[in-house]
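S.K.: Here is my input; please provide its structure:
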Amino acid sequence: MPEIKDITEELSKTARDAAYVVVGLGVLGFQRAQVRRQELTKRLSEPRSQVETALEDVRHQLTQRVKDVDDRVEQVITRLESTWEPVEQRLPAQARSLLEQARAQAREARQQLRALLISPA
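M.R.: Here you go, the predicted model:
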């Protein structure tokens, strides 16, 4: 009967060793998957940062162009207002008042548009 006991002990030991090997292989596989995931994340983050940098440059250039256009529009508006000032002085008081209200509303609309177009990114 000692032979059966030896055989069962040997089978137990072999089964335990097999279980350890399976667990060890599972841990190694998981670690390898983690390393590959990190490598992939790193490889994908480099082009992403390059794209984000390029987009930030484009945003900056676009904002600068909008500011330039805004400055030029303001210059044109200032010239027009100064050109029309003598004509406005000849208008009746009620018409001048309406014109000033319209000018104030236009200024407010330009400021709102400017705030939308030239907002910090």
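S.K.: Could you pull out the strands in the chain for me?
M.R.: Along the chain, no segments are classed as strands by DSSP state E.
S.K.: which of the residues in stretch 29-46 are buried?
M.R.: Buried residues in stretch 29-46, counted by 16 or more other Cβ atoms under 10 Å: none are found. To be clear about C-beta, it is placed using only N, CA and C from the backbone, and glycine gets the same treatment.
S.K.: So what's the gap between it and the chain middle?
M.R.: 24 Å (Cα atoms, centre = their mean, to the nearest Å).
S.K.: and if you look at stretch 92-102?
M.R.: 46 Å.
S.K.: what do you get for stretch 88-95?
M.R.: So, by Cα atoms, centre = their mean, the centroid of stretch 88-95 is 51 Å from its chain's centroid.
S.K.: Do me a favour and get the end-to-end distance for that stretch?
M.R.: Its start and end residues considered, stretch 88-95 measures 9 Å (Cα to Cα, to the nearest Å).
S.K.: What residues sit buried inside it?
M.R.: Result for stretch 88-95 [16+ other Cβ under 10 Å]: no buried residues.
S.K.: Can you report how many residues lie near residue 70?
M.R.: 15 (other Cβ atoms under 10 Å).
S.K.: just residue 98 next, same as before
M.R.: Applying other Cβ under 10 Å, I find that residue 98 has 12 neighbouring residues.
S.K.: which residues of the chain fall in helices?
M.R.: In the chain, the segments counted as helices under DSSP state H are 2-89, 93-117.
S.K.: Poorly predicted segments of the chain, please.
M.R.: Within the chain, the stretches with pLDDT under 70 are 1-2, 119-121.
S.K.: centroid residue for it?
M.R.: The chain has residue 52 as the residue nearest its centroid, 7.7 Å off, counting by Cα atoms, centre = their mean.
S.K.: For that residue, give its distance to residue 88.
M.R.: Distance, residue 52 to residue 88, using Cβ to Cβ, to the nearest Å: 50 Å.
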